[in-house]
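Chemist: Sequence and computational prediction follow.
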Amino acid sequence: MATENAAPIYMLNVLWFKPDGGKQTYRQYLQAVQPVVAKYGGKKLDSYVPDLEVIGTFDADFIFTVEWPNWETFQQFIHDDDFLAIRHLREEALDRSLLIRCRKVG
């Protein structure tokens, strides 16, 4: 577990915005959370808007990945007082979300 905890992790964020302002509120959240993410060495990577379902059904509004130095650092981030003070913006913006911890293969 110690080796696993030292490896970078990638948090896949899949979001469904609330109608009537959810997207705009999420933009406010992203702007407010960026310094806190940076404080813990988090880096927002690519962002995507799904545009065509080729196989299966998927109706998310927005997808992006954040790289974190390791799992412990991510845990520190989500318990940070500055993050907790703005977390409500995320909750107010979203109907639904998925947050999936990933690791690189190979």
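Modeler: Thanks, I have it.
Chemist: Low-confidence bits of the protein, can you list those?
Modeler: The chain contains residues with pLDDT under 70 at 1-4.
Chemist: Now with 80, please.
Modeler: Applying pLDDT under 80 to the chain flags the ranges 1-5, 106.
Chemist: And the residue nearest to Ala6 when sequence neighbours are not counted, how far from Asn5?
Modeler: Excluding the flanking residues, the one nearest Ala6 by C-beta to C-beta, 6 or more residues apart in numbering is Asn70, at 5.5 Å. (Glycine included, C-beta is placed from N, CA and C.) According to C-beta to C-beta, to the nearest Å, Asn70 stands 6 Å off from Asn5.
Chemist: Which one's more surrounded, these two?
Modeler: Comparing Asn70 with Asn5 by other C-beta atoms under 10 Å, the one with more neighbours is Asn70, at 15 against 12.
Chemist: That one and Pro8 touch, don't they?
Modeler: Yes. The criterion here is C-beta atoms under 8 Å, and Asn70 meets it with Pro8 at 6.5 Å.
Chemist: The biggest helix by length in the chain - contacts with which helices or strands?
Modeler: Scanning the chain for the helix with the most residues, using DSSP state H, yields helix 22-39. Applying 3 or more C-beta pairs under 8 Å, 6 or more residues apart in numbering; DSSP states H and E, one finds that helix 22-39 contacts strand 9-17, strand 43-48, strand 62-68, helix 71-78, helix 81-93, strand 94-102.
Chemist: Tell me which residues of that helix come out buried.
Modeler: Buried residues in helix 22-39, counting neighbours by 16 or more other C-beta atoms under 10 Å, are found at 22, 25-26, 29-30, 32-33, 36-37.
Chemist: Pull out the buried positions in stretch 89-101.
Modeler: Result for stretch 89-101 [16+ other C-beta under 10 Å]: buried residues 89-90, 93-94, 97.
Chemist: ok, of those, which one's closest to Phe58?
Modeler: Ser97 (13.9 Å; C-beta to C-beta).
Chemist: Hmm, Asn13 and the closest one touching each other?
Modeler: Yes. At 6.9 Å, Ser97 counts as touching Asn13 under the criterion of C-beta under 8 Å.
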